[in-house]
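Undergrad: The amino acid sequence is not available; the structure is as follows:
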């Protein structure tokens, strides 16, 4: 079997590795699709981000789907041939945070393709994968492409759940890459009355529009479009900040109502917060980090036809063209979600 | 009658003004005590703060108590001679925020002694004051000194209510001036299991200790004392940040549990937030701004003997010594709360 | 002008009344459609319900739309000819509950067509109506029929908001008359992952299906269909009980998860609660009463195409056939929502 | 070693049993005190309650403290001789509810002294007990008597946590047996502004008074005392119902504010709810069932001197007088909490 390893900046290699043994409670999955995520691109472009750095070759990838090829002893409710979405979230189930239902804060998390601990947590971009049966979410009724998008959709679902109840609310999403568009889809599904999407690229804004945004604003070319959102003390109830841009955050805050909620998706560096506005309006800024329970819900929403992620997928490459896939994923003017077809 | 006007930096004057007429629904109060607040000191020291600047002489003060001397037509439940705490919060009751129960976000707020709109909202440091009867909270069973501390206590109660339920939680308060100590009192009363108070002054920390803090830390001289609060992913459930210091906030964040709540009391300038920690731990930072409903509760807690603010009052000056009162209030190494006795 | 008065059981009359004068801040509306509600039917059938009894003739009706025919002094944002949905919720804006944002608990509420206080609050089934401009919600982009359904939709939105966040949850609605179906629509829009509708009539269940229910159960003919919802400790996260039937409530409770939420819409009589299950599962039963803020949101959801109430309307009668309209509305096997066309 | 077995109504026996082996991660505890709870009395008086019936002899008891006599392999943070409060809550840590932080709803709970599953879960009234180290909560600074009251205090803490934030609220507790008085203590500690205790016995009300109730009402002899709580739409924000009496619940509801919270502690039988009031006031009734996380907090509150349970303990009997202890515990006019001294 083969796996895609990152060795350093611009150095990724397809390498043969040994198949893993199958233990009780596990299943073997033949990988179908693997989506390239922003964090994969950090390793690909720079060998890491912030203090998180490659110290040894690491298999990339955490957005995968596949077909079950072998069942471990005692596994129930799954069968060979089933299409499954593979959850990359592997908490210990034992620590104090797991016992509080906060698995995304597990003290011993093994999330695929993370260089944070050492030795690194190897990723899921392999032609075959042995997983715990609890990671395998049956994906009947959706395609392998969609199943491999359960992961980024889960990130959006978690961010939306962090905002609290959006029913009837006005929501702004800043930064409309794949994660931002997932947040637009999730906010729409969660009953937002109005969804405003903001970016500096018309290319990505068209995906936000397709995902259900009522209003899209290019903050570079349409700065006046925010004026209508600044009337009174502001008109936006909730902001989901996916850009990591201080300017985007500061501008959005001028549009927010008193007691508005800001959810910041994890991008790392320090950001300066206009505390006068934060305190005078009693805004709330909440971090959002990965997901856990949302993975199964993501598959459910897609299977029920309640959320449609298909328009976000712009490119699929065969495994042998994996280098092209990564190069394309970097090109933010042409690509949204890029997947590798591990079975082609 | 007389009032204390701020004319500019270090220029405050006691000036004769005309008595106000009494309208139906109002009461006249002979002022007993007036506490000097940090915002009064901003006007006294610098003529304002940030964009908020004196543009005309303004009467200072918003922490006052007094005795009713005259009842307007139709006023019920109050009588001449009653000691009352005077709420400085005067919302319009009509705007969308008043109609949502968020009176501290009233579109037309007239909070005593604020230079923010122009003409300024004149303050309450007058020998006599005409107020709406709803501002007059009967203060039987407590002293005029305590009644004049209902206002800063309300700020603490509101901050604590912004943290959500503190019952059984570990709470840190950073910055132990009068407001910080009020937060210690409020957190203790709200059922916190453990209260940690942090400051850079041993003088203020002794007041935090007296207010019920289980642990006080001088962050300059005892930096190692935080280590025990950093075990696991952090041990602090909630932080009430009253210092306005970026260093205090950043240090406190290293002690916080995942999903911890930070309440920032309003001090103005931008602060840099360590977003990696905020998102990875999914912290929540919430602004806290003034109060409204809490004022009546503050008086109630004191009258029931459930909160004791008396130790915070360190100095009282007669009206003629008002300049000395302000000078003393500036001296953070000697004074906590300084009051002017308007009836002496 | 004419109005539909209830005089007693089965005694409703169309009577000429004098037009009201128009005061500043008010608008005159020529009524277009008026929907007949369950409470109207209580007066029509029985002269009231419980302790709420007709003591004088009362104009019925509180679900109306119309066109503005005259603007009072100082009214802005509306013009003659505008279609408006008329909110029947007229709180005082002054009492303690209004000042808490709980207008549906106003101490001085004047909700159209209520026999509860005496003299009764006269209703809105009149050919012309003078209302406060704040009651007039512009309904551009929807039909008069839909605008007159903003009221029952608001009841559904309020019930759903009482359940808390439904995003990704499994919701059961028991009782699928017009209000129950509105709850199905609202729960679907609020992001429920799965909506189960229960009734004892296949006729009403087909409307629930059309409104988006994933599963409909006739509890008389399909009692075994609940078994799949009883696995583990139960599978239902939230129940919206619209039937007023103790049997429906008790049965639904057997399907509920620990910590499940039950919202009971107001139907009056005492109901016996299986407290062993309520405590052992720590269920929460919450009353839901009318609405207020939701009215404007209801119009917004319809205008944005996010909620479609049209299938619920089964019959429309001209004003002269108002008796037939009431008779039809009573026939639960043929009619869902019945409206009177006041302009025909 | 010896244990107190219930064989049937009024048939309890002290019997020799074999000591249990000690496994890794476990500790052996020499029991010091054991408190008799209401559910123990149900078995003692009637052989069970509702459908929960003794089908084989069962060791009673779940409120115990003791001294560690032996440490299993790998146990850290405890040592021989330590006084510990023993948590009777033994969830599986694996099921879906444990993984949500809802351990009191564990699918496989083994709570001491429960006849609910068969074979029954044997209780803790033994002279020596082998427990998991996670059940052993160090109780330095408090007495064995207090440590054995951590359990009923935990029930009160959990009930109070179910009410949500009580800070500044008016709380009523109906039914002032040991659990009701624990709720008074917990509500007071949680920052309630006013606590009203209601019972039909002056004997128990004096314990409520001592626990901090501001107002005690004997509902048989002082029915008019409720009038002041019924002004407006009601004055009580939260009700903790510990009596199981429909009359007490119905009466209390007449005193409740709109949106008031009722927490019902588990007593079993069906209760009729006045749904007109529940819906018109939008009350919330929430079940409360046992506890889990609260046990450690209970010990902490006692050790910090923040909650004092000592006045609740009225009687202690040596082990040989265990029959007298049970007889006394039944006598609600003389006894509050009765404990057996297993080491005497």
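TA: Yep, that arrived. Predicted, not measured: the structure shown is a model, and the values here were computed from it. Residues are numbered from 1 along each chain as shown, chains lettered A, B, ... in the order given.
Undergrad: Residue A:231 belongs to a helix?
TA: No. With DSSP: H, G, I helix; E, B strand; the rest coil as the criterion, residue A:231 is located in coil rather than a helix.
Undergrad: so what pLDDT did it get?
TA: Predicted confidence (pLDDT) at residue A:231: the value is 97.
Undergrad: same thing with the one 3 residues further on?
TA: Note for residue A:234: predicted pLDDT of 98.
Undergrad: count of neighbours near it?
TA: 20 (other CB atoms under 10 Å in any protein chain shown). From N, CA and C alone the C-beta is placed, and that goes for glycine too.
Undergrad: so which helix or strand takes in it?
TA: Counting by DSSP states H and E, no helix or strand carries residue A:234.
Undergrad: so how far is chain B from it?
TA: According to CB to the nearest CB, to the nearest Å, residue A:234 stands 11 Å off from chain B.
Undergrad: likewise residue A:111?
TA: In terms of CB to the nearest CB, residue A:111 sits 12 Å off from chain B.
Undergrad: Enumerate every residue touching that residue.
TA: Contacts for residue A:111 (CB atoms under 8 Å, 6 or more residues apart in numbering or on different chains) come out as A:62, A:88, A:89, A:90, A:121, A:290.
Undergrad: What is the nearest of those to chain B?
TA: Nearest to chain B among those: residue A:290, at 9.3 Å, using CB to the nearest CB.
Undergrad: and that closest one, what is it in contact with?
TA: Contacts of residue A:290 by CB under 8 Å, 6+ apart are A:89, A:104, A:111, A:155, A:158, A:266.
Undergrad: Just confirm it is within a helix.
TA: No. Counting by three-state DSSP, residue A:290 falls outside a helix, being coil.
Undergrad: what separates it from chain D, distance-wise?
TA: Distance, residue A:290 to chain D, by CB to the nearest CB: 16 Å.
Undergrad: phi, psi of that residue?
TA: Backbone torsions for residue A:290, taken as degrees, to the nearest 10, come to phi 50, psi -130.
Undergrad: cool, residue A:96 as well?
TA: Dihedral angles for residue A:96 - degrees, to the nearest 10 - are phi -60, psi -30.
Undergrad: and residue A:305, how many neighbours?
TA: Using other CB under 10 Å, the number of residues around residue A:305 comes to 9.
Undergrad: Which positions in the stretch 51-200 of chain A make contact with chain D?
TA: A:93, A:94, A:98, A:99, A:100, A:101, A:102, A:103 (CB under 8 Å from any CB of the partner chain).
Undergrad: Would you mind checking these for buried ones?
TA: Buried residues within those, counting neighbours by 16 or more other CB atoms under 10 Å in any protein chain shown: A:98, A:99, A:100, A:101, A:102, A:103.
Undergrad: What parts of the stretch 51-200 of chain A come near chain C?
TA: Residues of the stretch 51-200 of chain A lying close to chain C by CB under 8 Å from any CB are A:157, A:160-161, A:164-168, A:189-191, A:193-194.
Undergrad: who's in contact with stretch A:292-311?
TA: For stretch A:292-311, contacts defined as CB under 8 Å, 6+ apart pick out A:85, A:87, A:89, A:91, A:101, A:103-104, A:137-143, A:145-147, A:149-151, A:153-154, A:157-158, A:161, A:182, A:185-186, A:189, A:207, A:210-211, C:168, C:193-194, C:214.
Undergrad: quick one: average confidence on that stretch?
TA: 98.
Undergrad: I'd like to know how many residues surround residue A:2.
TA: 18.
Undergrad: To clarify, my last question referred to residue A:112.
TA: Residues lying near residue A:112 (other CB under 10 Å) number 26.
Undergrad: So what does it have for phi and psi?
TA: Per-residue torsions, residue A:112: phi -50, psi 140 (degrees, to the nearest 10).
Undergrad: follow-up on the earlier one: now go through the contacts of residue A:111 and say which are in helices.
TA: Among the contacts of residue A:111, DSSP state H puts none in helices.
Undergrad: buried subset of the contacts of stretch A:292-311?
TA: A:85, A:87, A:89, A:91, A:101, A:103-104, A:137-139, A:142-143, A:145-147, A:149-151, A:153-154, A:157-158, A:161, A:182, A:185-186, A:189, A:207, A:211, C:168, C:193-194, C:214.
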